[in-house]
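J.: after the sequence you'll find the predicted model.
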Amino acid sequence: MISLTNKKYHILVLVLLSLLLFFWKINVIPLTDGDSAFYAKIAKNIVETGDWLTMHYGDAGTIIDKPPLMMWLTAISFKIFGFNDFAVTFWHSIFALLIVFFTYQTAKLVFDENTAFISSLILITSAQFFYQARSPLQDIPLTLFILLSIYMFLLYERSGKLGYFYLSPLFVSLAVLTKGPVGLALPAIILLIYMLIKRVKLPGILHVALATMLFFAVAAPWFIVEYRLLGQKFLDLFIGHNFGRYLKPVDTIGGEATKYAAIQPQYDIYSYFLQIFILFVPWSGFFYPALYYSFKKRSKPLPVIYALSIILFFSLSLNYKISRYILPAFPALAMITGKMLSDLMINGDPDAKRPSILSAILTLLMVTVPLLVLVFVLFFVRFADVSGYYSQVIVSFLIPMTLGLVIGSIVIFFRMYRQAFDSFLIFTIIAYLFFIFDLSIFFPRVNPISTFCSRINAVAKPSDIVCQYMGTDAHFMIYYAKSNVTFIRDTEKMKELLLSDRKVYCVTENAEAYNKLRAPLKERIKELGKSANYTLFTN
């Protein structure tokens, strides 16, 4: 049982737990997200072409709409560690650990050390944060830089030292270089509301002007150089897409039919408020009672401003409500929840007892049951054809997670609050460890593209055609294959290639389309490998 009040070991426990959950087996688990492979390929292109300015994907004519900071860092790790999945994940695991550390420091500054420790434990074990810490996208570094900008501003407010005041816009500029305008919008909204409510005095017009100049000195050069190199094309792509995606839908989630269908605006502004019940597991049942508790106690306003500003900002967008977009709010979600649990377990605040009972009810009704239903629908209905491959991973994860949710909730009714917290925490850690271990074994069987590409790389000649037939995209193949990859969705074109004089190596995950393709070609197709729905074939 972890001591919550022994402050001497707080940082050590957080670091060790972060290392275990964020670093264990990152060298053996292939990339599990197509977007991760997309950005990894861009970093790979930087190293191979030597072009550190314009971010390319696929060929030199394909530029992307994201700033370069994370691709630069990934390219540096490629140069140090070579082209492997550990190099892709390395920085994100470190940044996730830093988020935990600075969540502790921020919560300690706003509340106290016990609340900081509990908040950090909550953050480490929250589902979406755990997943994103092991999924190398821009969301973890964006979360870190926004958190640091707010933490530095708080240090300035408390100490009056100008160095902290200047560090805040510096981290905002890094957030912009990570994910564009949203890196400025989110901390600006949070800090502006906070300054108005708290009536924080700024150091004077000269220092504000110098801080603004520092922000532009760090954030602007890459944008200026890219505009000089690409002209109007850069403005149309970067500014049009980054600002436009907030006001119109550009993202999709789903299968091939969804991926290429017309995208409709997403008016469901309530979506993120419901998603929290899944994304913040196992603590999601506590968040809304803790939010109520925070308002009732008139607690320190920053965490509430922090969380709600980010959630509302993305809720008002007409783009698809992708879960990872609200990840920057998670340190604040953890602090809000951590404050109520700290007052309940350590301070014995009677006002926290009723919200805790409500938390237990919400955990049982709004978290446990929907979680079980979601897993059943996803893996035994929608993905029934590959559910056998996922069942080992899901079952070994789901049993301890469900036990923790149920036991912890029931124990709360007997006012055993510390035992309930331990139940949520320990069973969740066990669930994640099972998940990591099983994923390292079974995911390469479910998505064997890395293995298939290794086989292709060993035999394919420069004149051969390497392709992916059908599917939602070819990001995994484009990253793992040494040859240029052609993405083919047209059956007749695929037949022409297989009947041509050129050697073709192709991967497909669409078993139905592959069987229809193979039937008329008979002996022309030779299978080189098969796993789950994936088939590697040649002519």
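T.: Everything's here; your move.
J.: burial measure for Leu316, as a count.
T.: The local packing of Leu316 (other CB atoms under 10 Å) involves 11 other residues. Glycine gets a C-beta too; all of them are placed from N, C-alpha and C.
J.: where does the residue nearest in space to the middle of the chain fall, helix, sheet strand or coil?
T.: Centroid-nearest residue in the chain: Gln132, 3.2 Å away (criterion: CA atoms, centre = their mean). State at Gln132, reduced to three classes by DSSP: H, G, I helix; E, B strand; the rest coil: helix.
J.: got the contact list for it?
T.: Gln132 makes contacts with His92, Ala96, Asp139, Ile140, Arg324, Leu327, as judged by CB atoms under 8 Å, 6 or more residues apart in numbering.
J.: same check, this time on Leu403
T.: Applying CB under 8 Å, 6+ apart to Leu403 gives the contacts Phe427.
J.: check the contacts of Gln132 against Phe102 and report the nearest one.
T.: Proximity of the contacts of Gln132 to Phe102 (CB to CB) peaks at Ala96, which lies at 11.2 Å.
J.: neighbours around that closest one, how many?
T.: Ala96: 26 surrounding residues under other CB under 10 Å.
J.: so it makes contact with Phe22?
T.: Yes - proximity of Ala96 to Phe22 meets the contact threshold set by CB atoms under 8 Å, at 4.9 Å.
J.: find residues that contact each of these two.
T.: Contact criterion CB under 8 Å, 6+ apart; residues shared by Ala96 and Phe22: Ala133.
J.: before we move on, back to that, quick check: the farthest pair among the contacts of Gln132?
T.: Ala96 and Arg324 (13.0 Å).
J.: extract the residue ranges of the stretch 251-400 of the chain that are flagged as low pLDDT.
T.: For the stretch 251-400 of the chain, applying pLDDT under 70 flags the ranges 251-265, 267, 377-390.
J.: would you map the helices across it?
T.: With DSSP state H, counting those that start in this stretch as the definition, the stretch 251-400 of the chain shows helices at residue ranges 256-259, 271-279, 284-297, 302-315, 330-345, 353-362, 369-377, 387-413.
J.: which of those sits most buried?
T.: Mean neighbour count (mean count of other CB atoms under 10 Å) peaks for helix 330-345 among the helices of the stretch 251-400 of the chain, with a mean of 28.
J.: so how far is it off the chain centroid?
T.: Here helix 330-345 is found 22 Å from its chain centre; the criterion is CA atoms, centre = their mean, to the nearest Å.
J.: now do the strands in this protein.
T.: Assigned by DSSP state E, the strands in the chain fall at 465-469, 485-488, 504-508, 526-531, 534-538.
J.: in its sheet, what does the second one sit against?
T.: It refers to strand 485-488. Strand pairing for strand 485-488, using DSSP bridges, gives strand 465-469 (parallel).
J.: got the CA coordinates for the partner strand in CSV?
T.: Output of strand 465-469 as CSV, limited to C-alpha atoms (Å, rounded to 0.1, in the frame of the first residue of the first chain):
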residue,chain,number,x,y,z
ILE,A,465,6.0,-2.7,-57.0
VAL,A,466,5.2,-2.6,-53.3
CYS,A,467,1.5,-1.8,-52.5
GLN,A,468,-1.4,-2.0,-50.1
TYR,A,469,-4.7,-3.2,-51.6
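J.: any low-confidence regions in the chain?
T.: Within the chain, the set of residues satisfying pLDDT under 70 comprises 1-2, 59-61, 250-265, 267, 377-390.
J.: hmm, try it at 50
T.: 260 (pLDDT under 50).
J.: biggest helix in it by residues?
T.: Looking across the chain with DSSP state H, the single longest helix is helix 417-446.
J.: tell me the angle that helix makes with helix 353-362.
T.: Angle of helix 417-446 versus helix 353-362, following axes from the mean of the first three to the mean of the last three CA atoms, to 10 degrees, is 30 degrees.
J.: just the strands of the chain: most buried one?
T.: By mean count of other CB under 10 Å, the strands of the chain have strand 504-508 as the most buried, with a mean of 24.
J.: that one pairs with which strands?
T.: Sheet pairing for strand 504-508, assigned by DSSP bridges, gives strand 465-469 (parallel), strand 534-538 (antiparallel).
J.: those strands: which one's closest to Val208?
T.: Closest among the strands paired with strand 504-508, using CB to CB: strand 465-469, at 51.9 Å.
J.: in stretch 106-126, what's buried?
T.: 106-111, 114-126 (16 or more other CB atoms under 10 Å).
J.: how's the protein carved up into domains?
T.: 7-251, 377-446, 449-538 (automatic domain parsing).
J.: check the offset of the first one from the chain's centre.
T.: This means domain 7-251. Taking CA atoms, centre = their mean, one finds the center of domain 7-251 at 11 Å from the center of the full chain.
J.: could you do stretch 351-361 as well?
T.: 30 Å.
J.: contacting residues for Thr538?
T.: Going by CB under 8 Å, 6+ apart, Thr538 touches Lys503, Val504, Tyr505, Cys506, Ile525, Lys526, Leu528.
J.: go again using 7 Å as the cut-off
T.: With contact set as CB atoms under 7 Å, 6 or more residues apart in numbering, Thr538 has these partners: Lys503, Val504, Tyr505, Lys526, Leu528.
J.: in the sheet, who's paired with it?
T.: On the basis of DSSP bridges, Thr538 takes part in beta bridges with Tyr505, Lys526.
J.: how far away is it from Glu509?
T.: According to CB to CB, to the nearest Å, Thr538 and Glu509 sit 17 Å apart.
J.: ok, now Leu344?
T.: With CB to CB as the criterion, Leu344 and Glu509 are 48 Å apart.
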